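>>> 3D, please:
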Amino acid sequence: MRIAILSRSDRIYSTSRLVETCRVKGHEPLVLDYRHCYMAIEKGNPQIFYRSQEVKGVDAVIPRIGASFTFYGTAVVRQFEMQRVFSVNESQAITRSRDKLRSLQLLSRAGLSIPKTVFAHEARNADELIDRVGGPPVVVKVVQGTQGKGVILAETLAVARSTIEALRGQNIDILVQQFIQDAQGADIRVLVVGGCMVAAMRRVGREGEFRSNLHRGGRGEAVQLTDEERQYAVQAAATLGLGVAGVDLIRSAQGPLVLEVNSSPGLKGIEAASGVNVASAIVDFAVASAPAADVRDPIGV
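Coordinates of the predicted model:
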């Protein structure tokens, strides 16, 4: 089977693991830097070109779309979908997951607990927004952001107010969120593949850092999930329509809370912490879900 991995580089750990796993399992990996793809769109003949060569014979797609290129990357995924090629994460699901506000709205509607969160257009409502989530300290998040970027802990009312006013003054959309003291600077990353929890790790922020992201210097360690936490992770991925998802949870006195859901979760930290071959689970899911070639002829626009 020919599996296209949409990634900016085959030297990225997660991408190299997927390539290696495809080869071990007897499949042909094809790494495509989606930034260098272009699409020809016409009735009944959706085409994809990579560095001027038409891409043909792809059976399944594993998207690894960077946050900075969500719009273009998902357009490439969508073109494969027009060819009836299976993608482990659909284009709409990736877009949905990248919007923190939309994700939280969908998760809360599905009955999943999340930290109290407010969103507003006017900065003059800052004090009211802060009060709505229980007062300082509060977490201020940029609506579009990953790997802990655009996440600020405002420990006092004055800092929270000035942060909100400064970001809104730059016309940056933000969320103001309840700070969960119970978490003590740690969260849980759960990898869900094909509707099943396959691996998990507890991430602990470095000293003096409330963000636990490994990209911010945090460390990952093995963790045993409760049945409720497993259920939450699987339901969160399903709610956003993701076949492969990194679901971030925190433990609180009220039970698990969903922080966010990542459509391109990194594999290095969680494979090391859990000892699970996550890349193998992703490749197996892609292979098992890909339709036969004779039922995926290109469809009209």
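
>>> Not including adjacent chain positions, what is the nearest residue to the residue nearest to the spatial centre of the chain?
Compute the mean C-alpha point of the chain, and by Cα atoms, centre = their mean the closest residue is Asn262, 1.4 Å away. Of all residues not flanking Asn262 in the chain, Gly246 sits nearest, at 3.9 Å (Cβ to Cβ, 6 or more residues apart in numbering). Heads up, the C-betas are built off the backbone N, CA and C, glycines and all.

>>> thinking that neighbour is in contact with Leu191, fair?
Yes - Gly246 is within contact range of Leu191, at 5.9 Å (criterion: Cβ atoms under 8 Å).

>>> more crowded one of those two?
Applying other Cβ atoms under 10 Å to Gly246 and Leu191 shows that Leu191 carries more neighbours, namely 27 against 23.

>>> Then that one would be within a strand, right?
Yes - checked against DSSP: H, G, I helix; E, B strand; the rest coil, Leu191 lies within a strand.

>>> Okay, it and Tyr232: tell me how far apart.
Using Cβ to Cβ, to the nearest Å, Leu191 is found at 14 Å from Tyr232.

>>> Any chance you could list residues touching both of the two?
Counting by Cβ atoms under 8 Å, 6 or more residues apart in numbering, the residues touching both Leu191 and Tyr232 are Val247.

>>> coming back round to it: joint contacts of Gly246 and Leu191?
Common neighbours of Gly246 and Leu191 are listed as Pro265, Ile270 (criterion: Cβ under 8 Å, 6+ apart).

>>> Mind listing the residues bridging to Thr117?
Gln177 (DSSP bridges).

>>> which residues sit in contact with it?
By Cβ under 8 Å, 6+ apart, Thr117 lies in contact with Leu104, Val133, Leu175, Val176, Gln177, Gln178.

>>> run the last query once more with 6 Å
Residues in contact with Thr117 (Cβ atoms under 6 Å, 6 or more residues apart in numbering) are Leu104, Leu175, Gln177.

>>> try Ala286
So Ala286 contacts Ile3, Ala60, Ile62, Val88 (Cβ under 6 Å, 6+ apart).

>>> okay, now the nearest residue to Ile12 once chain neighbours are set aside: neighbour count?
Spatially, and ignoring its direct neighbours in sequence, Ile12 is nearest to Arg64 (7.4 Å; Cβ to Cβ, 6+ apart). Using other Cβ under 10 Å, the number of residues around Arg64 comes to 23.

>>> By mean pLDDT, flag the weakest helix or strand of this protein.
The weakest-scoring helix or strand in the chain, judged by mean pLDDT, DSSP states H and E, is strand 219-221 (a mean of 84).

>>> Which elements pack onto that strand?
strand 196-204, helix 268-274 (3 or more Cβ pairs under 6 Å, 6 or more residues apart in numbering; DSSP states H and E).
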